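K.L.:
Sequence plus the predicted model coming up.
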Amino acid sequence: MRPSTLALAALLSTTALAAHAQTPADPLHVYGPGGPAPAMREAAKAYEARTGRAVAVVAGPTPQWLDQAKADGDLIFSGSETMMTDFVSALEGRIRAEAVEPLYLRTASILVRPGNPNGIGGLEDLFQPGRRVLVVNGAGQNGLWEDMAGRTGDIAKVRALRRNIVVYARNSAEARQAWIDGPTLDAWIIWGIWQVANPDLADVVEVEEPYRIYRDAGAVVTETGRQDADAQPFLEFLKSDEGAAIFARWGWRTGQP
(Lines give C-alpha, C1' and ligand atoms only; values in the text may rest on other atoms or scores of the structure.)
Protein backbone atom coordinates (compact mmCIF):
# COMPACT_ATOMS: atom_id res chain seq x y z
CA MET A 1 0.00 0.00 0.00
CA ARG A 2 1.29 3.45 -0.87
CA PRO A 3 1.78 6.04 1.90
CA SER A 4 -1.42 8.03 2.49
CA THR A 5 -1.48 11.65 1.39
CA LEU A 6 -1.72 12.91 4.98
CA ALA A 7 1.03 10.63 6.25
CA LEU A 8 3.32 11.59 3.39
CA ALA A 9 2.59 15.30 3.90
CA ALA A 10 3.50 15.01 7.56
CA LEU A 11 6.68 13.13 6.73
CA LEU A 12 7.72 15.68 4.12
CA SER A 13 6.91 18.58 6.44
CA THR A 14 9.24 17.14 9.06
CA THR A 15 11.84 16.55 6.37
CA ALA A 16 11.53 20.13 5.13
CA LEU A 17 12.43 21.44 8.57
CA ALA A 18 15.48 19.17 8.69
CA ALA A 19 16.47 20.24 5.20
CA HIS A 20 17.09 23.80 6.36
CA ALA A 21 20.14 22.46 8.16
CA GLN A 22 21.53 21.10 4.89
CA THR A 23 23.71 23.25 2.67
CA PRO A 24 23.06 23.61 -1.08
CA ALA A 25 26.29 21.71 -1.66
CA ASP A 26 25.04 18.72 0.33
CA PRO A 27 22.40 16.95 -1.78
CA LEU A 28 21.02 13.50 -1.22
CA HIS A 29 23.14 11.19 -3.37
CA VAL A 30 21.18 8.67 -5.48
CA TYR A 31 22.72 6.16 -7.91
CA GLY A 32 21.41 3.60 -10.37
CA PRO A 33 21.03 2.50 -14.01
CA GLY A 34 19.93 4.62 -16.95
CA GLY A 35 16.51 3.06 -17.59
CA PRO A 36 14.67 4.40 -14.52
CA ALA A 37 16.70 7.63 -14.56
CA PRO A 38 14.21 9.96 -16.35
CA ALA A 39 11.47 9.14 -13.84
CA MET A 40 13.91 9.23 -10.93
CA ARG A 41 15.20 12.67 -11.94
CA GLU A 42 11.68 14.06 -12.23
CA ALA A 43 10.86 12.63 -8.81
CA ALA A 44 14.04 14.19 -7.41
CA LYS A 45 13.01 17.63 -8.66
CA ALA A 46 9.51 17.20 -7.24
CA TYR A 47 10.92 16.15 -3.87
CA GLU A 48 13.25 19.15 -3.80
CA ALA A 49 10.34 21.46 -4.63
CA ARG A 50 8.37 20.08 -1.70
CA THR A 51 11.14 19.87 0.90
CA GLY A 52 13.96 22.18 -0.19
CA ARG A 53 16.46 19.32 -0.16
CA ALA A 54 18.29 18.74 -3.42
CA VAL A 55 18.56 15.18 -4.73
CA ALA A 56 21.46 14.42 -7.06
CA VAL A 57 20.70 11.48 -9.34
CA VAL A 58 23.68 9.86 -11.05
CA ALA A 59 22.70 7.17 -13.54
CA GLY A 60 24.27 4.98 -16.20
CA PRO A 61 26.29 1.77 -16.50
CA THR A 62 27.31 0.56 -13.05
CA PRO A 63 31.12 0.95 -13.48
CA GLN A 64 30.62 4.68 -14.05
CA TRP A 65 29.25 5.34 -10.57
CA LEU A 66 29.92 2.32 -8.33
CA ASP A 67 33.05 3.65 -6.60
CA GLN A 68 31.42 7.00 -5.87
CA ALA A 69 28.29 5.28 -4.58
CA LYS A 70 30.44 3.34 -2.14
CA ALA A 71 31.78 6.65 -0.85
CA ASP A 72 28.64 8.76 -0.54
CA GLY A 73 25.55 6.92 -1.82
CA ASP A 74 22.38 7.49 0.22
CA LEU A 75 19.97 5.53 -1.97
CA ILE A 76 20.47 2.97 -4.74
CA PHE A 77 17.89 2.14 -7.39
CA SER A 78 17.89 -0.79 -9.80
CA GLY A 79 16.33 -1.90 -13.08
CA SER A 80 15.46 -5.46 -12.04
CA GLU A 81 15.63 -7.82 -9.10
CA THR A 82 18.68 -9.57 -10.54
CA MET A 83 20.41 -6.21 -10.89
CA MET A 84 19.61 -5.26 -7.31
CA THR A 85 20.99 -8.59 -6.10
CA ASP A 86 24.19 -7.79 -7.98
CA PHE A 87 24.26 -4.36 -6.30
CA VAL A 88 23.97 -5.94 -2.85
CA SER A 89 27.14 -7.89 -3.61
CA ALA A 90 29.00 -5.10 -5.41
CA LEU A 91 28.34 -2.53 -2.67
CA GLU A 92 29.96 -4.79 -0.09
CA GLY A 93 27.63 -4.45 2.86
CA ARG A 94 26.48 -0.89 2.18
CA ILE A 95 22.92 -2.00 1.37
CA ARG A 96 20.80 -4.73 2.94
CA ALA A 97 18.92 -7.20 0.77
CA GLU A 98 16.02 -7.31 3.23
CA ALA A 99 15.56 -3.52 3.00
CA VAL A 100 15.03 -3.42 -0.78
CA GLU A 101 11.68 -2.00 -1.88
CA PRO A 102 10.32 -3.06 -5.29
CA LEU A 103 8.71 0.02 -6.83
CA TYR A 104 7.17 -0.30 -10.30
CA LEU A 105 7.19 -2.67 -13.26
CA ARG A 106 8.29 -2.13 -16.83
CA THR A 107 7.30 -4.21 -19.81
CA ALA A 108 9.60 -5.83 -22.34
CA SER A 109 8.81 -4.38 -25.76
CA ILE A 110 10.07 -4.32 -29.31
CA LEU A 111 11.43 -1.05 -30.63
CA VAL A 112 11.31 -0.60 -34.40
CA ARG A 113 12.34 2.11 -36.84
CA PRO A 114 10.02 5.15 -36.95
CA GLY A 115 6.93 4.30 -38.96
CA ASN A 116 7.60 0.56 -38.53
CA PRO A 117 8.69 0.10 -42.17
CA ASN A 118 8.97 -3.70 -41.82
CA GLY A 119 5.47 -4.06 -40.39
CA ILE A 120 6.64 -5.89 -37.27
CA GLY A 121 3.59 -6.75 -35.20
CA GLY A 122 5.02 -8.72 -32.29
CA LEU A 123 7.60 -11.22 -31.13
CA GLU A 124 6.44 -13.96 -33.49
CA ASP A 125 7.47 -11.74 -36.41
CA LEU A 126 11.01 -11.81 -35.03
CA PHE A 127 11.06 -15.61 -35.37
CA GLN A 128 10.86 -15.25 -39.15
CA PRO A 129 14.09 -15.72 -41.14
CA GLY A 130 15.99 -12.62 -42.14
CA ARG A 131 15.13 -10.33 -39.26
CA ARG A 132 18.06 -8.40 -37.76
CA VAL A 133 17.56 -8.08 -34.02
CA LEU A 134 19.40 -6.19 -31.28
CA VAL A 135 19.20 -7.38 -27.66
CA VAL A 136 20.77 -6.46 -24.34
CA ASN A 137 22.49 -9.23 -22.42
CA GLY A 138 23.23 -7.59 -19.08
CA ALA A 139 22.16 -4.60 -16.99
CA GLY A 140 18.95 -6.17 -15.70
CA GLN A 141 18.14 -7.86 -19.02
CA ASN A 142 20.18 -11.03 -18.60
CA GLY A 143 18.34 -13.74 -20.49
CA LEU A 144 15.36 -11.50 -21.26
CA TRP A 145 15.05 -12.50 -24.91
CA GLU A 146 15.42 -16.18 -23.99
CA ASP A 147 12.69 -15.92 -21.34
CA MET A 148 10.39 -14.30 -23.90
CA ALA A 149 11.01 -16.78 -26.70
CA GLY A 150 10.88 -19.76 -24.34
CA ARG A 151 7.59 -18.92 -22.63
CA THR A 152 5.62 -21.55 -24.57
CA GLY A 153 8.17 -24.32 -24.02
CA ASP A 154 8.94 -24.54 -27.74
CA ILE A 155 12.70 -24.70 -28.31
CA ALA A 156 12.18 -23.99 -32.02
CA LYS A 157 11.17 -20.43 -31.13
CA VAL A 158 14.33 -19.89 -29.08
CA ARG A 159 16.41 -21.22 -31.97
CA ALA A 160 14.60 -19.01 -34.47
CA LEU A 161 15.10 -15.84 -32.45
CA ARG A 162 18.72 -16.61 -31.67
CA ARG A 163 19.48 -17.00 -35.39
CA ASN A 164 18.18 -13.48 -35.94
CA ILE A 165 20.10 -11.73 -33.15
CA VAL A 166 23.03 -9.87 -34.69
CA VAL A 167 24.04 -7.61 -31.76
CA TYR A 168 24.31 -8.51 -28.07
CA ALA A 169 24.85 -5.23 -26.20
CA ARG A 170 26.23 -5.27 -22.67
CA ASN A 171 23.85 -2.57 -21.41
CA SER A 172 21.03 -0.36 -22.62
CA ALA A 173 23.24 2.65 -23.33
CA GLU A 174 25.46 0.52 -25.55
CA ALA A 175 22.37 -0.87 -27.27
CA ARG A 176 21.04 2.63 -27.92
CA GLN A 177 24.28 3.57 -29.63
CA ALA A 178 24.25 0.36 -31.67
CA TRP A 179 20.71 1.19 -32.83
CA ILE A 180 21.86 4.64 -33.92
CA ASP A 181 24.99 3.34 -35.63
CA GLY A 182 23.30 0.31 -37.25
CA PRO A 183 20.46 1.41 -39.54
CA THR A 184 20.09 -2.14 -40.89
CA LEU A 185 18.86 -3.35 -37.50
CA ASP A 186 15.14 -4.09 -37.76
CA ALA A 187 14.14 -4.52 -34.12
CA TRP A 188 15.46 -3.90 -30.65
CA ILE A 189 14.17 -5.96 -27.71
CA ILE A 190 14.26 -3.76 -24.61
CA TRP A 191 11.98 -2.16 -22.05
CA GLY A 192 9.26 0.02 -23.54
CA ILE A 193 10.25 2.91 -21.27
CA TRP A 194 13.25 3.51 -23.55
CA GLN A 195 10.92 4.55 -26.35
CA VAL A 196 9.11 6.96 -24.01
CA ALA A 197 12.46 8.60 -23.25
CA ASN A 198 13.58 8.52 -26.93
CA PRO A 199 10.41 9.04 -28.99
CA ASP A 200 12.24 10.22 -32.12
CA LEU A 201 14.57 7.23 -32.15
CA ALA A 202 12.06 4.40 -32.49
CA ASP A 203 8.42 3.37 -32.40
CA VAL A 204 7.25 0.75 -29.94
CA VAL A 205 5.51 -2.54 -30.69
CA GLU A 206 3.91 -4.31 -27.74
CA VAL A 207 4.97 -7.88 -27.14
CA GLU A 208 1.97 -10.17 -27.39
CA GLU A 209 1.01 -12.75 -24.82
CA PRO A 210 2.26 -15.29 -23.92
CA TYR A 211 5.70 -13.76 -24.55
CA ARG A 212 5.39 -10.61 -22.43
CA ILE A 213 7.87 -10.21 -19.55
CA TYR A 214 7.89 -7.69 -16.70
CA ARG A 215 10.73 -6.69 -14.39
CA ASP A 216 10.76 -4.03 -11.71
CA ALA A 217 12.75 -1.07 -10.52
CA GLY A 218 13.55 -1.17 -6.84
CA ALA A 219 15.25 1.13 -4.37
CA VAL A 220 17.04 0.82 -1.07
CA VAL A 221 18.47 3.22 1.48
CA THR A 222 22.17 2.61 2.11
CA GLU A 223 23.86 2.37 5.47
CA THR A 224 25.13 5.91 4.88
CA GLY A 225 21.63 7.01 3.96
CA ARG A 226 20.24 5.70 7.22
CA GLN A 227 22.07 8.59 8.86
CA ASP A 228 20.47 11.16 6.54
CA ALA A 229 17.08 12.63 7.46
CA ASP A 230 15.95 12.69 3.82
CA ALA A 231 16.88 9.25 2.51
CA GLN A 232 13.91 7.27 3.83
CA PRO A 233 11.41 10.10 3.17
CA PHE A 234 12.61 10.27 -0.43
CA LEU A 235 12.03 6.53 -0.77
CA GLU A 236 8.55 6.98 0.69
CA PHE A 237 7.93 9.77 -1.81
CA LEU A 238 8.86 7.43 -4.66
CA LYS A 239 6.24 4.97 -3.38
CA SER A 240 3.54 7.62 -2.93
CA ASP A 241 0.72 8.49 -5.34
CA GLU A 242 2.72 11.46 -6.59
CA GLY A 243 5.77 9.29 -7.16
CA ALA A 244 3.66 6.68 -8.93
CA ALA A 245 2.19 9.33 -11.23
CA ILE A 246 5.68 10.46 -12.19
CA PHE A 247 6.78 6.93 -13.04
CA ALA A 248 3.57 6.30 -14.98
CA ARG A 249 4.32 9.30 -17.20
CA TRP A 250 7.59 7.61 -18.14
CA GLY A 251 5.91 4.34 -19.12
CA TRP A 252 6.05 2.34 -15.87
CA ARG A 253 3.22 0.12 -14.63
CA THR A 254 2.31 1.46 -11.21
CA GLY A 255 -0.92 -0.36 -10.31
CA GLN A 256 -2.88 -3.53 -10.78
CA PRO A 257 -3.26 -4.96 -14.34
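P.N.:
All right, it came through fine.

K.L.:
okay, CA-based contacts and neighbour counts for the rest of this
P.N.:
Will do.

K.L.:
name the element residue 217 belongs to?
P.N.:
If you go by DSSP states H and E, residue 217 is part of strand 214-221.

K.L.:
average model confidence for that strand?
P.N.:
Taken as a whole, strand 214-221 has an average pLDDT of 97.

K.L.:
who does it pair up with?
P.N.:
Each strand that strand 214-221 pairs with, and the sense of that pairing, follows from DSSP bridges: strand 75-77 (antiparallel), strand 101-112 (antiparallel).

K.L.:
Outside of that strand itself, list whatever touches it.
P.N.:
36, 74-81, 84, 95-96, 99-108, 231-232, 235 (CA atoms under 8 Å, 6 or more residues apart in numbering).

K.L.:
Show me what counts as buried in it.
P.N.:
By neighbour count, with 16 or more other CA atoms under 10 Å as the criterion, the buried positions of strand 214-221 are 215-221.

K.L.:
repeat for stretch 228-247
P.N.:
Going by neighbour count (16+ other CA under 10 Å), the buried part of stretch 228-247 is 229-247.

K.L.:
Just the ones in strands from those residues, please.
P.N.:
Among these, none falls in strands (DSSP state E).

K.L.:
Which of those fall in helices?
P.N.:
Among the buried residues of stretch 228-247, the members falling in helices are 231-239, 241-247 (criterion: DSSP state H).

K.L.:
Residue 86 is in what secondary structure piece?
P.N.:
Taking DSSP H and E as the definition, one finds residue 86 inside helix 81-90.

K.L.:
Quick one: distance of that helix to the chain centre.
P.N.:
Computed by CA atoms, centre = their mean, to the nearest Å, the separation of helix 81-90 from the middle of its chain amounts to 14 Å.

K.L.:
Any chance you could list what contacts that helix?
P.N.:
Taking CA under 8 Å, 6+ apart as the criterion, the residues outside helix 81-90 that touch it are 77-78, 94-97, 139-140, 215-218.

K.L.:
I'd like the distance between residue 195 and residue 92.
P.N.:
Using CA to CA, to the nearest Å, one obtains 34 Å as the distance from residue 195 to residue 92.

K.L.:
Can you report how many residues lie near residue 92?
P.N.:
10 (other CA atoms under 10 Å).

K.L.:
That should have said residue 197, apologies.
P.N.:
16.

K.L.:
For it, give me its contacts.
P.N.:
The contact partners of residue 197, taken as CA under 8 Å, 6+ apart, are 38, 250.

K.L.:
can you list the weak-confidence ranges in the stretch 1-150 of the chain?
P.N.:
Screening the stretch 1-150 of the chain residue by residue with the criterion pLDDT under 70, one finds the ranges 1-25.

K.L.:
quick one: the strands in it?
P.N.:
With DSSP state E, counting those that start in this stretch as the criterion, the stretch 1-150 of the chain has strands at 28-32, 55-59, 75-77, 101-112, 133-136.
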